[in-house]
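[1] Next input, structure requested:
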Amino acid sequence: MLSACLSHPLIDSQRLFSIAVNRIQHLHMLAQRIFSEFESSLQMEEQRQLNKMFLPDFCNSDDIISPIDKHETQRSSVLRLLTVSYRLIECWEFPSQSLPGGSVLRNQISPKLSELKNGIHILIRTSQGAGDALVDPMSPYGGYYQALGGDGSLRGSYEMLACFKKDMHKVETYLTVAKCRLSPEDNCTL
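    Just a heads-up that it's a prediction; the model follows:
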């Protein structure tokens, strides 16, 4: 697949971006669904307490330097958006195996994250030319997220699911904006 992308970079990049955007939209939808199911399983008072305690800027992946608002996202290069997306996906590859919720959904997420990470890696290589990708492997956040969701506490599970949903939303936004740069006819407003 990589050699095909490198031989017809614009057409194949657009196709790969479309596939990547479709995959992340599906992952984001799964994240929303798992989070909603978890919230609906809570008592009203538990929901209220968790909403008070959880700060959306508390996610461990917030250490990944990324655009802070829609204006910075729109000004960011395609390569930067791809690199940040890669890092966000990479930091969830292992912890996704311990997401609270049904095993059916959880078993769908991990392979999709791996496929998406590989696709983003190809897009990074294509964006840089045929050279090696500049994405340095990150130390996984597995221990942090394992501790959150693995202890069975409501707060830990809530935080893990909220962070996963937040990060999948970020990746969806970044990949959509990057794809729009290749297809000016697409609607690229955030």
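
[2] Would you mind giving both backbone torsions of residue 41?
    Main-chain dihedrals, residue 41, degrees, to the nearest 10: phi -80, psi -10.

[3] and it, how far is that from residue 156?
    15 Å (Cβ to Cβ, to the nearest Å). (C-beta placed from N, C-alpha, C; glycine too.)

[4] More neighbours: the two, which one.
    Shown here are residue 41 and residue 156; by other Cβ atoms under 10 Å, residue 156 has more neighbours (17 against 13).

[5] Find the helix or strand that that one is a member of.
    Using DSSP states H and E, residue 156 sits in helix 154-182.

[6] Show me what that helix is packed against.
    Helices and strands touching helix 154-182, by 3 or more Cβ pairs under 8 Å, 6 or more residues apart in numbering; DSSP states H and E, are helix 9-40, helix 44-53, helix 70-75, helix 78-93, helix 142-150.

[7] And those helices: which comes nearest residue 176?
    helix 9-40 (5.7 Å; Cβ to Cβ).

[8] can you list contacts of stretch 41-51?
    Here stretch 41-51 makes contact (Cβ atoms under 8 Å, 6 or more residues apart in numbering) with 39, 154-155, 158.

[9] For the most centrally placed residue in the chain, give me its contacts.
    In the chain, the residue lying closest to the centroid (Cα atoms, centre = their mean) is residue 168, at 3.5 Å. The contact partners of residue 168, by Cβ under 8 Å, 6+ apart, come to 24, 27-28, 31.

[10] Near residue 12, how many other residues are there?
    The tally of other residues near residue 12 (other Cβ under 10 Å) stands at 19.

[11] ok so, going back, what's the closest of the helices and strands packed on helix 154-182 to residue 119?
    Of all these, helix 9-40 sits nearest to residue 119, with 4.9 Å by Cβ to Cβ.
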